[in-house]
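[1] When you get a sec, could you give me coordinates for this:
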Amino acid sequence: MAKSRKLEELIEQVNRCRESPTAEVSVEALRQILKSKHSVAIASAAKLIGESAISALVPDLVAAFDRLMEKPIERDIGCTGKFKIAEALYKMGRSEATLFLQGIRHRQMEPVWGGQEDTAPSLRGVCALGLVRMNYPDVLSELADLLADPIPLARAAAARAIAYSGSHQGVPLLRLRVKLGDEPQVLSDCFTALMNIALEPSLPLVASFLDDANPQTCEMAALALGESRSLAAFEQLKHWWLQTANRELRKTGLLAIAMLRQDEPLKFLLSLVAEGKSADARDAIAALSLYQTETALWQQVIQAAETRGAAAALILGEFQ
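    Numbering: from 1, shown residues only. Below is the predicted model:
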């Protein structure tokens, strides 16, 4: 009970500091909280420090991180404290290479029912971003290792970090990860990174996953193509949509086409609204509902739907 009350008191102190976090009294209070034994309170204080960019407390954040790393499971169950400290330093744009390297390589195996669980993938991910942001010289080697991490969350974070770096040297790493296969969410982050860094050479590779055996992977590939806003992706998506029988995938295909935000794809969708089968018209309107706030375009959708006669009101009614 005493431990619980102490933690509650520390959290209350953090909340009081939110009123004026950079005031001298708040800075001192946060400094003392970082020295406490309660990782939850340390995490809360670190979050506020990062949000308020209190640079005077950077040495205290680093010291708290080092202390939690000495006995990571005993002092920081769930890795919450270390993660929030690293996240604060990343958000503040700090170049704490030693800390970020410790974090990106840290694994924290904690006991769970039936075995152990690594609670540090989020820490590895934010430290990857920190190393990229500070232009760490050997960051791609670290990201290559993270792309091979046993935890999908960490592999996805590596892909996002490579995208953040914008480095073409990361493209072969992403292509290898994609070729080896992975869970849909990891592949999604790899697709997005590839399209952001090297659009034209990556289009065929990402498009090849439109016919993957896993429908979720197909959807991720379609959405990545849509996010590219590349007219070259339109033909890939249109061809796939025409060949696909799965209704849910067809919906995703039209949404991806709408996401391209190009005249030709939009004309294709409007033609489906006006002349396509009822199901296709409904799906096209759903995709075009992205533009409901764009009066001129949405008016075109209404006009196209009205050419269908009495069915127009029923179809449009679902999106108004």
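
[2] Going by C-alpha atoms from here, please, whenever you check contacts or count neighbours.
    Fine.

[3] so where do the helices sit in the stretch 151-300 of the chain?
    152-165, 171-180, 184-197, 199-207, 215-227, 231-243, 247-259, 263-275, 278-288, 295-306 (DSSP state H, counting those that start in this stretch).

[4] need those in JSON lines with mean neighbour count, can you?
    Output for the helices of the stretch 151-300 of the chain, formatted as JSON lines (neighbours: other CA atoms under 10 Å):
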{"stretch": "helix 152-165", "mean neighbour count": "24"}
{"stretch": "helix 171-180", "mean neighbour count": "17"}
{"stretch": "helix 184-197", "mean neighbour count": "24"}
{"stretch": "helix 199-207", "mean neighbour count": "18"}
{"stretch": "helix 215-227", "mean neighbour count": "24"}
{"stretch": "helix 231-243", "mean neighbour count": "17"}
{"stretch": "helix 247-259", "mean neighbour count": "23"}
{"stretch": "helix 263-275", "mean neighbour count": "19"}
{"stretch": "helix 278-288", "mean neighbour count": "22"}
{"stretch": "helix 295-306", "mean neighbour count": "16"}
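
[5] I'd like those helices as a markdown table, with mean pLDDT appended.
    Output for the helices of the stretch 151-300 of the chain, formatted as a markdown table (pLDDT from 0 to 100):
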| stretch | mean pLDDT |
| --- | --- |
| helix 152-165 | 98 |
| helix 171-180 | 97 |
| helix 184-197 | 97 |
| helix 199-207 | 96 |
| helix 215-227 | 97 |
| helix 231-243 | 95 |
| helix 247-259 | 97 |
| helix 263-275 | 94 |
| helix 278-288 | 91 |
| helix 295-306 | 89 |
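
[6] Can you say which of these is nearest to Glu12?
    Nearest to Glu12 among the helices of the stretch 151-300 of the chain is helix 152-165; the distance by CA to CA comes to 32.0 Å.

[7] if we can go back for a sec, can I get the helices of the stretch 151-300 of the chain in TSV including distance to Val139?
    Output for the helices of the stretch 151-300 of the chain, formatted as TSV (distance: least, CA to CA, whole Å):
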stretch	distance to Val139
helix 152-165	9
helix 171-180	13
helix 184-197	16
helix 199-207	22
helix 215-227	25
helix 231-243	31
helix 247-259	33
helix 263-275	39
helix 278-288	39
helix 295-306	45
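
[8] Tell me which of these sits nearest to Ala97.
    When those are compared by CA to CA, helix 152-165 sits nearest Ala97, at 15.5 Å.

[9] Which strands or helices does the closest one pack on?
    Applying 3 or more CA pairs under 8 Å, 6 or more residues apart in numbering; DSSP states H and E, we find helix 152-165 packed against helix 121-133, helix 139-147, helix 184-197.

[10] contacts for the last one?
    The reference is to helix 184-197. Counting by CA atoms under 8 Å, 6 or more residues apart in numbering, the neighbours of helix 184-197 from elsewhere in the structure are 152-153, 155-156, 159-160, 162-163, 166-168, 171, 174-175, 177-178, 181, 202-203, 206, 216-217, 220-221, 224-225, 227-228.
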